[in-house]
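Visitor: Based on what follows, work out the 3D shape:
(chains A and B)
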Amino acid sequence: MIKFEHVYKQYEDNPAIEDLNLEIQDGDFFVMVGTSGSGKTTTLKMINRLIKPTSGQILIDNKDIATYDLQEMRLNMGYVLQNIALFPNLTIEENITIQPESLHWPREKRKRVAWDLLNKVGLKPEEYAKRFPNELSGGEQQRVGIIRALATSPKMVLMDEPFSALDPISRTQLQDLVLKLHRELKITFIFVTHDMHEAVRLGNTIAVLSKGHLEQIGNRDDILNHPKNDFVKGFFQLEKTGQATVGELLDSGLGQGTQSEINSTLLKQDSINRLATELKDNSGIVIFDNDNTSCKITTADLLDFLAKEGEK
Amino acid sequence: MNAVIHILQTQSGGIMEALGQHISISLISLFIAALIAIPLAIILMTHKKTAEVILQITSILQTIPSLALLGILIPFVGIGTIPSVIALVIYAVMPIFQNTYSGLTTIDPNLEEAAEAFGLSRTKKLLKFQIPLAMPMIISGIRIAMVMIIGTATLAALIGAGGLGTYILLGIETNNNALLLIGAVLSAILTLIFSFLIKIISRLSLKKIGILVTTMIVLFGGYAGYRSIARPDVNITIAGKMGGEPEILINMYKDLIEQDHPNMKVSLKPNFGGTSFLYKALQTGSVDIYPEFTGTVLQTLVKNKQQIGHDPEKTYLLAQKLLKEQAQMTYLQPMEYQNGYDLAVKKSFAKKYNLKTISDLVKIEGQLHAGFDPDFYQQPAGFPGVKKSYNLDIASVKTMEPSIRYKAIANDKVNLVDGYTTDPEIKEYNLVVLKDDKNYFPPYQGAPLMTEKFATKYPEIKKTLNKLSGKISATDMQKMNYLVTVKHEKASKVAHEYLVSHNLLK
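Guide: Sure, this is the predicted structure:
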């Protein structure tokens, strides 16, 4: 668990972070989102001590990170950069295994790890391992950037706007990829982005930052449907348009509790598009688990909801 | 061109040796410079302020003229290879340091951040990407340094470190363009070859470069070790200025000393450099003896308020006295010949007008067309003085370069030239020297010069070298110079033959 306690960061006279308090649970997909100058990247870089807080404490597993051996700590922490930053003089395989090599892993093991990871992200090792970074496309390069961060099987991976320089198609593919990797590896991903769509798509927990303040922290539903203040509401307004969730439908008084067996894996934070699909698949009646009570939504509920939304 | 081929044929041994010296001085200097500059840049890459100070210092060092630097170094480290290498290293450090530093500090900051975040150690960072990415810059720095070193190393000849500069300086000194060309062309070729080699080396991996460098260190170390063991103990070092004549003289000294004192070993350093370098070398003890002219002593080596007379005996005594008083030097007895200014005409011309002395010229002054060296034409002790003393009014005078002047008289473009009394061209072009019957020209007599300390330590050497006192006439010297400079015979052989034929050597 990572914990920020009253963390401040001051650059000359400009406060970058003011009294930041937050917790990141192990295995979470934690997204920090905000505009530029919000302090999201500063917060991320404080975790691996690229940036030192002016005051306050950051704890990993209840131990102040300042007390960890810096190199040892970093060697076990993945890091993905916005600019990818593959070493141009090293092959793809050498790039992936740069941390394992520093940890003195035997050559065979290093190769195996690199090849496994390349396979995992759909780059054929036979073809890619010996190539140099400039022979790869931007999307391919960032795949390598991501698996380079995973090579030591770290407990956590920090990602600093890793997809912002990519084209929309590559970006979506890579988002799917990190979601898949997160499901498989069950390690903590801490992800920084300025794109609220990306934040909502990826994050289990989303922290909204603005001008060095933490505006709100919560899951998708909290952020989208219960914005704490106007800033958060405004920030996700665009995101919400046409993308209403099942939670909103329930909030508007539709749907009802039931004793029947559930027939769907639908979640409160899922979009009503998903609900529509589920309704179609289940002959117009979806029964799903909502906070440990079964809940029933029918096609009529969906129509009512859409009609109401249209009136707004 | 024929002259170049002739020299290449007759002196290939010497040229190869000079080439070897040049390569080893250059390589050692380049190597030491790189060994200083690259680690320094690596250490300072994270200390921007200090690095800038160092850059300033190295740039200032760069602006010191190389000749001045050599002069400054002599009192501290003497002469020969060591000061040359030090001077070259000082020059070469700057380009290597500057390039390495900027190569290392202009790497994409994102890569630095990535490496930092991955927890790579300083060494890992250097080996994994910093040095490899800075390599093209480092190599170009080494290349710039190398070109500078090979060029500047030609000056090493001035302070007795040998190298191709010997031929360049000798060429300038003796007006032999062939020698000059050989020295210059070889050093240019050397630069090209080295440049090519560096290009090849730059393509190797860091590991291979490491192996190569280690091998070089071991080989050089071994060679140096071998040299220091294999070199026989030398008791006495005798040096001579640039040119054939001093080389003949010092070979005579060697033969005489080794005959009289079989237990002594003499090492010779011919073509050692200019007057001031030799004199400094004598003072610091790097050289024990060298032949010097009386006129030169009074003009450049000692402070002298008196007018230099034209009596050779008086000039010698004054030089000897002042050297003893001012510099604690012992100046042995001079030889007979004088190597001063003279006026010469063709033998046929002399016969036609019955010319024997400079005074004889006056009666035909209306028919004289002279070719003079610009220095001789302007210096008060040269032509202006002659004109006054002899009341000589020559019809026309042209100034020209020394070597051209002799060719001009050979081709009858002029009929009177100035020269030095022992110039081999006098024999080569069949000229006669007119007697300075009014003793106008300041006397230049050669004699061995050494420190008092040395003279007291080896009194027997004084006795041995004084055997040459009053020996060797101007004609003898001309002949010997002709054999060595024009016919390219070995100086040692010519010296030996003279000594034997004059019963000085058994």
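Visitor: max-length helix in the chain?
Guide: Picked chain A for this. helix A:168-185 (DSSP state H).
Visitor: um, chain B though
Guide: Ranked by residue count and defined by DSSP H, the top helix of chain B is helix B:12-44.
Visitor: And it, what's buried?
Guide: Across helix B:12-44, burial judged by 16 or more other CB atoms under 10 Å in any protein chain shown covers B:14-15, B:18-19, B:21-34, B:36-38, B:40-42, B:44. In this view, the C-beta of every residue, glycine as well, is placed from N, C-alpha and C.
Visitor: Ok, stretch A:70-80 next?
Guide: For stretch A:70-80, by 16+ other CB under 10 Å, it's A:Gln71, A:Met73, A:Arg74, A:Leu75, A:Asn76, A:Met77, A:Gly78, A:Tyr79, A:Val80.
Visitor: And B:Asp436, its phi and psi?
Guide: Dihedral pair for B:Asp436: phi -80, psi 80, per degrees, to the nearest 10.
Visitor: in chain A, which helix or strand is least confident?
Guide: In chain A, no helix or strand scores lower on mean pLDDT, DSSP states H and E than helix A:230-240, which sits at a mean of 75.
Visitor: Might you report the residue contacts of A:Met31?
Guide: Small correction: residue A:31 is Val, not Met. With contact taken as CB atoms under 8 Å, 6 or more residues apart in numbering or on different chains, A:Val31 is in contact with A:Phe191, A:Val192, A:Thr193, A:Glu198, A:Ala199, A:Leu202, A:Gly203, A:Thr205, A:Ile206, A:Ala207.
Visitor: element containing the fifth one, please.
Guide: Read it as A:Ala199. Using DSSP states H and E, the element containing A:Ala199 is helix A:196-202.
Visitor: then that helix to CSV, C-alphas only?
Guide: Taking C-alpha atoms only, helix A:196-202 is exported to CSV below (Å, rounded to 0.1, in the frame of the first residue of the first chain):
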residue,chain,number,x,y,z
MET,A,196,-10.6,11.8,-18.8
HIS,A,197,-11.8,9.3,-21.3
GLU,A,198,-8.7,7.3,-20.7
ALA,A,199,-9.0,7.8,-17.0
VAL,A,200,-12.6,6.4,-16.9
ARG,A,201,-11.8,3.6,-19.2
LEU,A,202,-8.8,2.3,-17.2
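Visitor: May I see the buried residues of the helix or strand following that helix?
Guide: Toward the C-terminus, helix A:196-202 is succeeded by strand A:205-210 as the next helix or strand (DSSP H and E). With burial defined by 16+ other CB under 10 Å, the residues of strand A:205-210 counted as buried are A:Thr205, A:Ile206, A:Ala207, A:Val208, A:Leu209, A:Ser210.
Visitor: can you check stretch B:493-504 too?
Guide: Buried residues in stretch B:493-504, counted by 16+ other CB under 10 Å: B:Val494, B:Ala495, B:His496, B:Tyr498, B:Leu499.
Visitor: which residues are contacting that stretch?
Guide: By CB under 8 Å, 6+ apart, stretch B:493-504 touches B:248-249, B:251-252, B:255-256, B:467-468, B:471-472, B:476, B:480, B:483-484, B:505-506.
Visitor: Strands of the chain, start to end?
Guide: Because you didn't say which chain, this covers chain A. Here chain A has its strands, by DSSP state E, at A:2-11, A:14-24, A:29-33, A:55-60, A:63-64, A:77-80, A:156-160, A:188-193, A:205-210, A:213-218, A:256-257, A:285-290, A:293-298.
Visitor: I was after chain B.
Guide: Ranges of strands within chain B are B:236-239, B:266-269, B:289-293, B:329-331, B:341-346, B:369-372, B:396-399, B:416-420, B:431-433, B:446-451, based on DSSP E.
Visitor: Including mean pLDDT, could the ones you listed go into TSV?
Guide: Below are the strands of chain B laid out as TSV (pLDDT from 0 to 100):
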stretch	mean pLDDT
strand B:236-239	88
strand B:266-269	85
strand B:289-293	91
strand B:329-331	91
strand B:341-346	88
strand B:369-372	89
strand B:396-399	86
strand B:416-420	88
strand B:431-433	89
strand B:446-451	91
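Visitor: Kindly reformat those as JSON lines containing distance to B:Asp260 and mean neighbour count.
Guide: Listed next are the strands of chain B as JSON lines, based on distance: least, CB to CB, whole Å; neighbours: other CB atoms under 10 Å in any protein chain shown:
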{"stretch": "strand B:236-239", "distance to B:Asp260": "12", "mean neighbour count": "23"}
{"stretch": "strand B:266-269", "distance to B:Asp260": "11", "mean neighbour count": "19"}
{"stretch": "strand B:289-293", "distance to B:Asp260": "14", "mean neighbour count": "26"}
{"stretch": "strand B:329-331", "distance to B:Asp260": "18", "mean neighbour count": "22"}
{"stretch": "strand B:341-346", "distance to B:Asp260": "34", "mean neighbour count": "24"}
{"stretch": "strand B:369-372", "distance to B:Asp260": "44", "mean neighbour count": "22"}
{"stretch": "strand B:396-399", "distance to B:Asp260": "47", "mean neighbour count": "13"}
{"stretch": "strand B:416-420", "distance to B:Asp260": "31", "mean neighbour count": "23"}
{"stretch": "strand B:431-433", "distance to B:Asp260": "34", "mean neighbour count": "20"}
{"stretch": "strand B:446-451", "distance to B:Asp260": "14", "mean neighbour count": "24"}
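Visitor: Show the average pLDDT along the longest helix of chain A.
Guide: Averaging pLDDT along helix A:168-185 gives 87.
Visitor: Tell me what angle that helix forms with strand A:188-193.
Guide: On the basis of axes from the mean of the first three to the mean of the last three CA atoms, to 10 degrees, helix A:168-185 is oriented at 160 degrees to strand A:188-193.
Visitor: okay, the angle between helix A:168-185 and strand A:156-160?
Guide: Orientation of helix A:168-185 against strand A:156-160 (the same axes, to 10 degrees) gives an angle of 170 degrees.
Visitor: buried stuff in helix A:168-185?
Guide: A:Ser170, A:Arg171, A:Gln173, A:Leu174, A:Gln175, A:Leu177, A:Val178, A:Leu181, A:His182.
Visitor: Likewise for stretch A:195-215?
Guide: Going by neighbour count (16+ other CB under 10 Å), the buried part of stretch A:195-215 is A:195-196, A:198-203, A:205-210, A:212-215.
Visitor: any idea how far it is from the chain center?
Guide: Taking the mean of its C-alpha atoms, stretch A:195-215 sits 9 Å from the chain's own mean (CA atoms, centre = their mean, to the nearest Å).
Visitor: A:Ile187 is in contact with A:Asp28, isn't it?
Guide: No - counting by CB atoms under 8 Å, A:Ile187 stays clear of A:Asp28, with 9.6 Å between them.
Visitor: what does the domain assignment say about the chain?
Guide: In the absence of a named chain, chain A is used. Annotated domains of chain A cover A:2-238, A:246-311 [automatic domain parsing].
Visitor: Please refer instead to chain B.
Guide: B:2-230, B:236-336+B:448-501, B:341-433.
Visitor: Please report how far B:Gly295 lies from B:Thr421.
Guide: From B:Gly295 across to B:Thr421, the span is 12 Å (CB to CB, to the nearest Å).
Visitor: Name the residues contacting each of the two.
Guide: Contacts common to B:Gly295 and B:Thr421, judged by CB under 8 Å, 6+ apart, are B:Gly340.
Visitor: Counting neighbours, go ahead and name the busier of these two.
Guide: B:Gly295 (24 against 20; other CB atoms under 10 Å in any protein chain shown).
Visitor: that older thread, the longest helix of chain A to strand A:29-33, inter-axis angle?
Guide: Counting by the same axes, to 10 degrees, helix A:168-185 lies at 140 degrees to strand A:29-33.
Visitor: Helix A:168-185 - contacts with which helices or strands?
Guide: helix A:138-150, strand A:188-193, helix A:196-202 (3 or more CB pairs under 8 Å, 6 or more residues apart in numbering or on different chains; DSSP states H and E).
Visitor: closest one to B:Leu8 among the ones you listed?
Guide: Nearest to B:Leu8, of all these, is helix A:138-150, at 59.0 Å by CB to CB.
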